[in-house]
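> generate a structure from the sequence data that follows.
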Amino acid sequence: MTNQKTYTEKPPTKAAFPKPISTKTAVMQKALNQKKPALVCTGHEHDNPMLVQEALAAIPEDELIFSATEIFSALADSTRFRILSALSAGQLCVSDLLCATSVSQSAVSHQLRFLRDKRLVCAQREGQRVVYSLADDHVKSLIELALEHAAE
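Predicted coordinates for the structure are as follows:
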């Protein structure tokens, strides 16, 4: 008995498998996709076509949009927001963050790792302990702006 496969259907043709895209082609396609489209809305009149063009120009590249939305998704968790708010007062170690945020040690450690991965928090070893701080003043500004906006 042979180990030949029998097909109840026709075997796939070459057309069923997409042609591999070269790296150069992929890079060119990505560059083309990143270009801002011209005003392509049809079927209705624009009140202010120049304003629409300015709006199109104001939209950043996709990679930058993705990075920015990652920051906002990190801020969207109340535990992470508490940690960042506490760190806006200055550098703190994990035990200080436990007291300041009333969150479990495992939750604080998990969230700090997440915030480090998103480049919102920095860690620095001081002897046997690790001290955490906000990555830069932009993070502090985001926290302050979010609180100010929420208070309105």
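
> from here on, contacts and neighbour counts on C-alpha atoms
OK.

> from residue 88, how far off is residue 143?
8 Å (C-alpha to C-alpha, to the nearest Å).

> give me the buried positions along stretch 116-129.
Going by neighbour count (16 or more other C-alpha atoms under 10 Å), the buried part of stretch 116-129 is 116, 120-123.

> quick one: those as JSON lines, columns for secondary structure, pLDDT and distance to residue 92 too.
Shown next, in JSON lines, are those (DSSP: H, G, I helix; E, B strand; the rest coil; pLDDT from 0 to 100; distance: C-alpha to C-alpha, whole Å):
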{"residue": "116", "secondary structure": "helix", "pLDDT": "96", "distance to residue 92": "14"}
{"residue": "120", "secondary structure": "coil", "pLDDT": "97", "distance to residue 92": "14"}
{"residue": "121", "secondary structure": "strand", "pLDDT": "97", "distance to residue 92": "11"}
{"residue": "122", "secondary structure": "strand", "pLDDT": "96", "distance to residue 92": "11"}
{"residue": "123", "secondary structure": "strand", "pLDDT": "96", "distance to residue 92": "10"}
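
> tell me the SS of the nearest residue to residue 143 once chain neighbours are set aside?
Nearest non-adjacent residue to residue 143, counting by C-alpha to C-alpha, 6 or more residues apart in numbering: residue 85, 6.7 Å away. State at residue 85, reduced to three classes by DSSP: H, G, I helix; E, B strand; the rest coil: helix.

> many thanks, I have nothing further to ask.
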